[in-house]
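# Need coordinates for the following:
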Amino acid sequence: MTTTRRSLPIALGTLALLGACAGAPTPDESGTGGAGYPLTVDDCGTTATIEQRPERAVTMNQGATEVALALGLQDRLIGTAYLDNPVAERWSDAYESVDVLSDAYPDQESLLSAEPDFVYASYGSAFEDEEVAGREELADLGVGTYTSPLGCRNDEAPTAVTFESVWDEIDTVAEVFGVPERAEEIRAEQEDLLAELTERADGDGLDVFWFDSGDKAAFAGVGEGGPQLVLDAVGATNVFADVDGEWADVPWEDVVAADPDVIVLADASWSSVEEKKKLLADDPALRGLTAVAQERYVELPFSASTPGVRLAEGAETVAKQLAELG
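Predicted coordinates:
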């Protein structure tokens, strides 16, 4: 991916981090930042006060970028960073209109030279690397921050992964940017889609292994994350549903013992579908699995397997391919 820059005038908003709590955005009627502002937004044990609507935002991580694009906020983005795979085709033109600050997390100089007034990330790691600007430092510079409650790196505000919690995050971002009606549309569309998928139950009776990455062990989608939500939505059984967490290293011996009917392969920049197929086919024990021998694979982008605006799309993709496998 090519990193680009464009020179733009300074337009920093005033945003300050306050104490620790949790909850949805709430308006403070004492401010003058426009209708509905200032807002207080809680995430990962931190409360941010947003004095006015962000106009120069940066998104870090694919999930945050795609939420912003789904909400039609590309004109208010001055930079993005850290994709796992190509953005959804329907947002590709909008994405191309925004500068890419870095293929991974941008360092402080790259981020601050873009002169953002707001930084939205999917994971707490976006603000924790020593080369990256931290949340307190950004607040001192008048830059607001928001981290997905589903990507917290501490135990201050654990959030269960559900479609409801995904929609709550989209609602929060929409509220911050003053476009709540767009979040309502996304929620309604996805609720209808999931109801249809549940009724169809294309995965009924199928045992599924969700293979994300790994070679010495299988890094698998287990019982509490996006893959589990997708498999529940389509009526399939996750062979590792009893494993705690969203993702976990699973011994290959356990995969062999489970002998799944279907294997879901997540396609990511660090672990492609083809790499995973080769690993499965080349290993003497794994090539004997029913799903490998019969090539009963389902493929989808990694970003459609994580909690975010594409997770319902991920369920639709899995359902369609399961129906085709028969």
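# State the distance from residue 61 to residue 119.
11 Å (C-beta to C-beta, to the nearest Å). In short, each C-beta sits where N, CA and C put it, glycine included.
# and for those two, which residues touch both?
Residues touching both residue 61 and residue 119 (C-beta atoms under 8 Å, 6 or more residues apart in numbering): residue 126.
# and the residue nearest to residue 128 when sequence neighbours are not counted, helix, strand or coil?
The shortest distance from residue 128 to any non-neighbouring residue, by C-beta to C-beta, 6 or more residues apart in numbering, is to residue 153 (6.4 Å). Under DSSP: H, G, I helix; E, B strand; the rest coil, residue 153 falls in the coil class.
# So residue 153 sits against residue 123, correct?
Yes: contact criterion C-beta atoms under 8 Å: residue 153 and residue 123 qualify, at 7.2 Å.
# ok, the two, which is more surrounded?
Set side by side, residue 153 and residue 123 show more neighbours around residue 123, with 21 against 13, by other C-beta atoms under 10 Å.
# OK, contacts around the more buried one?
61, 147, 148, 151, 153.
# Residue 229 too?
Residue 229 sits in contact with 161, 162, 163, 307, 311, 315, where contact means C-beta under 8 Å, 6+ apart.
# Drop anything exposed from these.
Buried subset of the contacts of residue 229 (neighbour count, 16 or more other C-beta atoms under 10 Å): 161, 163, 307, 311, 315.
# is it true that the first one lies in a helix?
Okay, so that is residue 161. No: applying three-state DSSP, one finds residue 161 to be coil, outside a helix.
# So that it lines up with my notes, have the first residue be 292 from now on.
Renumbered: residue one is now 292, and that last one reads residue 452.
# pLDDT score for it?
On pLDDT, residue 452 comes in at 91.
# hang on, it packs against residue 518?
No: if you go by C-beta under 8 Å, residue 452 and residue 518 don't touch, sitting 9.9 Å apart.
# Now the common contact residues for the two.
Common neighbours of residue 452 and residue 518, counting by C-beta under 8 Å, 6+ apart, are residue 537.
# Can you report phi and psi for residue 385?
phi -60, psi -40 (degrees, to the nearest 10).
# can you count the residues close to residue 338?
There are 17 residues near residue 338, going by other C-beta under 10 Å.
# did I read that right, it in a helix?
No: counting by three-state DSSP, residue 338 falls outside a helix, being strand.
# Tell me how far it lies from residue 330.
In terms of C-beta to C-beta, residue 338 sits 11 Å off from residue 330.
# The contacts of residue 414, buried ones only, as a PyMOL selection?
Here is the PyMOL command that selects the buried residues among these (16+ other C-beta under 10 Å):
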select buried, resi 352+438+439+442
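# Closest one to residue 490 out of the contacts of residue 414, please.
Taking C-beta to C-beta as the measure, residue 490 lies nearest residue 439 of these, at 29.6 Å.
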